[in-house]
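Engineer: Prediction below, plus the sequence it came from.
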Protein chains: 2
Amino acid sequence: MKFVVTGCAGFIGSTLVDRLLSDRHVVIGVDNFSTGKRRFLESASKNAGFSLVNADVTDARSLTEAFKDGEFVFHLAANADVRFGTHHPHLDLEQNTIATFNVLEAMRANGIRRIAFSSTGSVYGEATSIPTPENAAFPVQTSLYGASKLAGEGLIAAYCEGFGFQAHIFRFVSILGDRYTHGHVYDFVGSLAKDPARLVVLGDGCQRKSYLAVDDCVDAMLHAIEVANDKVNIFNLGTDEYCMVNDSIRWICQTLGVTPELEYTGGDRGWIGDNPFIYLDTSRIRSLGWKPKLSIEQGVKRTVRYLVSNSWVFQAR
Amino acid sequence: MKFVVTGCAGFIGSTLVDRLLSDRHVVIGVDNFSTGKRRFLESASKNAGFSLVNADVTDARSLTEAFKDGEFVFHLAANADVRFGTHHPHLDLEQNTIATFNVLEAMRANGIRRIAFSSTGSVYGEATSIPTPENAAFPVQTSLYGASKLAGEGLIAAYCEGFGFQAHIFRFVSILGDRYTHGHVYDFVGSLAKDPARLVVLGDGCQRKSYLAVDDCVDAMLHAIEVANDKVNIFNLGTDEYCMVNDSIRWICQTLGVTPELEYTGGDRGWIGDNPFIYLDTSRIRSLGWKPKLSIEQGVKRTVRYLVSNSWVFQAR
């Protein structure tokens, strides 16, 4: 099959591209390299099945051209920054909502009708039911990021109804692993590299969060698009556990062999719109036969080891 | 209070403006007159408390200027066309989603923090629980219109969390009454004026729909913004009944005194994305002490009489 992957040079995108190529698929990768990294595509670039289009998902015309001959689109390109949404509200609108519209229109122009979309557990806002199932109560958004992903989901579902598309929508917890380039493990490892004696922690460290290893995430997506065949297929992706930020700090420090003084900024939220408890019910994707290979602890530790061996990802930012 | 009303020359907007002015508020009305009508503002224009800004909600700069000195924004401007979304998908994105973003940014630029928003029962998609409460299961969108209004709701809620806004979000059923200028009663009365002997009905006539009279709608909004004081206040607005399209046709024909041959196009949906059963649970707004004065039948008949006495609304389109 000929796949298009937007955000192909990103953390998850490049991992997916490598997997698709090793499964002998043809891949058209699209990235604007604003946060994606060329080094993540080193292996893919040597594969004859891979072609790269340097394009921005906010540029509808380039997308329409890039998608030519594609059969299935993985739309992963996004402003993935949850925390700083209020610093620049237009970014989530443009890079997530409008970009998703552009992707859908580029698909329509090219007769492509299958899409997989990286949504987020943030669309649940502060869920009242935890672990949160896909059919939880109608959510109230708490972040511009979540709102923009919800808008993307809505557009995609409307295209399924209106234009006969088929969609697989994945609501991710935070993803960890090799090539991980943002989020709390990245921030903590970067900070401890500079000063191993001291670590500033946003909030009180008791926020409960869920993580999933990137290989498990890619496994789940590829399995779901193969076996789930409704018009709109929506899946939470995560492990069936959560951890506290303090647990994660302990695993990070153990792996690095450091014992910093912890300075908490206080409060039960790390920032405006931070969700103090994220834990998704993943029984729907598990019922398809998928299960994660790594626990959160294993995922965090593996990520730390990757970052230590690849300190260039801190410089390259 | 100094209210801004976007879509002030529309059906609901102009009715709201007249009410606000009669309650001795000051009103800045914003409209681009693409579907709004100057005649609906005839009374308002004579009121010293009213000022009109001819601006398009997709033009962020004009909005920011128009909102100066406003204290509370009723954001009613929208592409209100549910049926033809797939003919021009960009309209819902631009006129509903992006426009709502522009409104929020114009509010932020002017230090305005209170907004009321006309959302729609269409955000529930094809609800599994009927009558549908505000906290129904996480919806799957079936129309570009619904998707764009859901995106607007999400943005507004995220601004409440991120920027300390307070919002009143109203999910309307179809609204009827004086100044009504689109929808099935408008279409049917217009068609029967041309040919009273024949009426084409989209679908099988058995679609079950809900309607609310515009004065009841305005009453509900003004009551809710006064007494509901959460950060994000979400209310279904409708009557606690529904009717079949065939019921409505009977009331229309009775009022007009015509007995047309009915031609059904067939199927349980009038068009792609048409929802065959819309019935909202309105117990939340009723618990605030509001209740509608007109039944659906009274609302339909009143609308027919308005259209007969104001046939100019058909020409003016």
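Structural biologist: Thanks, I have the structure now.

Engineer: For the stretch 201-317 of chain A, what lies in contact range of chain B?
Structural biologist: The stretch 201-317 of chain A has residues A:232, A:234, A:272-273 near chain B, with proximity defined as C-beta under 8 Å from any C-beta of the partner chain. (Each C-beta comes from the backbone N, C-alpha and C, glycine too.)

Engineer: And those, which is closest to B:T64?
Structural biologist: Distance to B:T64, by C-beta to C-beta, is smallest for A:I272 among these, at 23.1 Å.

Engineer: contacting residues around the closest one?
Structural biologist: Listed by C-beta atoms under 8 Å, 6 or more residues apart in numbering or on different chains, the contact set of A:I272 reads A:86, B:161-162.

Engineer: next one: A:Q254
Structural biologist: A:Q254 makes contact with A:K301 under the criterion C-beta under 8 Å, 6+ apart.

Engineer: what about it, which SS state?
Structural biologist: Under the three-state scheme (DSSP: H, G, I helix; E, B strand; the rest coil), A:Q254 adopts helix.

Engineer: per-residue confidence at it?
Structural biologist: Looking at A:Q254, its pLDDT reads 97.

Engineer: Distance of it relative to A:V308?
Structural biologist: Distance check for A:Q254 against A:V308: by C-beta to C-beta, to the nearest Å, it reads 13 Å.

Engineer: At which residues are the helices of the stretch 101-250 of chain A located?
Structural biologist: Ranges of helices within the stretch 101-250 of chain A are A:144-163, A:184-194, A:214-227, A:245-256, based on DSSP state H, counting those that start in this stretch.

Engineer: packing partners for the first one?
Structural biologist: Looking back up the chat, that one is helix A:144-163. helix A:89-92, helix A:99-109, strand A:114-120, strand A:166-172, strand A:232-237, helix B:144-163 (3 or more C-beta pairs under 8 Å, 6 or more residues apart in numbering or on different chains; DSSP states H and E).

Engineer: avg pLDDT for it?
Structural biologist: Per-residue scores along helix A:144-163 average to 97.

Engineer: average pLDDT across stretch A:12-27?
Structural biologist: Stretch A:12-27 shows a mean pLDDT of 98.

Engineer: which residues are contacting stretch A:79-92?
Structural biologist: Counting by C-beta under 8 Å, 6+ apart, A:10, A:35, A:94-96, A:120, A:122, A:143-148, A:182, A:270-274, B:101, B:104-105, B:158-159, B:162-163 sit against stretch A:79-92.

Engineer: how about A:F72, phi and psi?
Structural biologist: Torsion angles at A:F72 (phi, psi; degrees, to the nearest 10) stand at phi -150, psi 130.

Engineer: For stretch A:54-74, buried residues please.
Structural biologist: Across stretch A:54-74, burial judged by 16 or more other C-beta atoms under 10 Å in any protein chain shown covers A:55-57, A:60, A:62-64, A:66-67, A:70-74.

Engineer: and what of stretch A:271-287?
Structural biologist: Neighbour counts using 16+ other C-beta under 10 Å place A:271, A:273-276, A:278-282, A:284-285 of stretch A:271-287 among the buried residues.

Engineer: Stretch A:287-299 now?
Structural biologist: For stretch A:287-299, burial by neighbour count (16+ other C-beta under 10 Å) applies to A:290, A:292, A:294, A:296-297, A:299.

Engineer: can you list the helices of the stretch 101-250 of chain A in a markdown table and add distance to B:A78?
Structural biologist: Output for those, formatted as a markdown table (distance: least, C-beta to C-beta, whole Å):
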| stretch | distance to B:A78 |
| --- | --- |
| helix A:144-163 | 15 |
| helix A:184-194 | 39 |
| helix A:214-227 | 35 |
| helix A:245-256 | 41 |
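
Engineer: ok, and which of these has the densest surroundings?
Structural biologist: Ranked by mean neighbour count, those are led by helix A:144-163 with a mean of 28 (mean count of other C-beta atoms under 10 Å in any protein chain shown).

Engineer: ok, and the helix or strand in chain A with the lowest average confidence?
Structural biologist: When each helix and strand of chain A is scored by mean pLDDT, DSSP states H and E, helix A:312-315 comes last, with a mean of 88.

Engineer: Report the distance from it to the chain centre.
Structural biologist: Relative to its parent chain, helix A:312-315 has a centroid offset of 20 Å by C-alpha atoms, centre = their mean, to the nearest Å.

Engineer: what sits up against stretch A:120-135?
Structural biologist: A:82, A:136-137, A:139-143, A:145-146, A:149-150, A:153, A:171-173, A:210, A:234-236, A:238, A:240, A:275-284, B:137-138, B:157.

Engineer: for it, how far is the first residue from the last?
Structural biologist: Taking C-alpha to C-alpha, to the nearest Å, stretch A:120-135 runs 14 Å from one end to the other.

Engineer: who's in contact with A:M244?
Structural biologist: A:M244 sits next to A:205-209 when contact means C-beta under 8 Å, 6+ apart.

Engineer: List the beta-bridge partners for it.
Structural biologist: Beta-bridge partners for A:M244, by DSSP bridges, are A:R208.

Engineer: Report the separation between it and chain B.
Structural biologist: Using C-beta to the nearest C-beta, to the nearest Å, A:M244 is found at 23 Å from chain B.

Engineer: can you tell me how far that residue sits from A:Y211?
Structural biologist: From A:M244 over to A:Y211 the distance is 12 Å, taken as C-beta to C-beta.

Engineer: Now A:F3: which helix or strand?
Structural biologist: Taking DSSP states H and E as the criterion, A:F3 maps to strand A:2-6.

Engineer: partners of that strand in the sheet?
Structural biologist: Here, using DSSP bridges, strand A:2-6 pairs with strand A:26-31 (parallel), strand A:72-75 (parallel).

Engineer: Could you check how many residues crowd around A:I234?
Structural biologist: 23 (other C-beta atoms under 10 Å in any protein chain shown).

Engineer: Export the residues of the stretch 201-317 of chain A next to chain B to TSV and append columns for pLDDT.
Structural biologist: Listed next are these as TSV, based on pLDDT from 0 to 100:
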residue	pLDDT
A:V232	98
A:I234	98
A:I272	77
A:G273	74
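
Engineer: Now for those: which two are most distant?
Structural biologist: The two members of these with the most space between them (C-beta to C-beta) are A:V232 and A:I272, at 31.3 Å.

Engineer: Kindly list the main-chain dihedrals of the closest residue in space to A:A99 that isn't next to it in sequence?
Structural biologist: For A:A99, ignoring the flanking residues on the chain, the nearest one in space by C-beta to C-beta, 6 or more residues apart in numbering or on different chains is A:V57 at 3.8 Å. With angles defined as degrees, to the nearest 10, A:V57 sits at phi -70, psi -10.

Engineer: Quick check, A:V57 in contact with A:L104.
Structural biologist: No: using C-beta atoms under 8 Å, A:V57 is not in contact with A:L104, being 11.1 Å away.

Engineer: What about the residue nearest to A:G190 when sequence neighbours are not counted, how many residues nearby?
Structural biologist: Leaving aside its sequence neighbours, A:G190 sits nearest to A:F314 (C-beta to C-beta, 6+ apart; 5.2 Å). Look at A:F314: counted by other C-beta under 10 Å, it has 14 neighbours.

Engineer: same question, A:T181
Structural biologist: There are 18 residues near A:T181, going by other C-beta under 10 Å.

Engineer: And it, how far from chain B?
Structural biologist: With C-beta to the nearest C-beta as the criterion, A:T181 and chain B are 24 Å apart.
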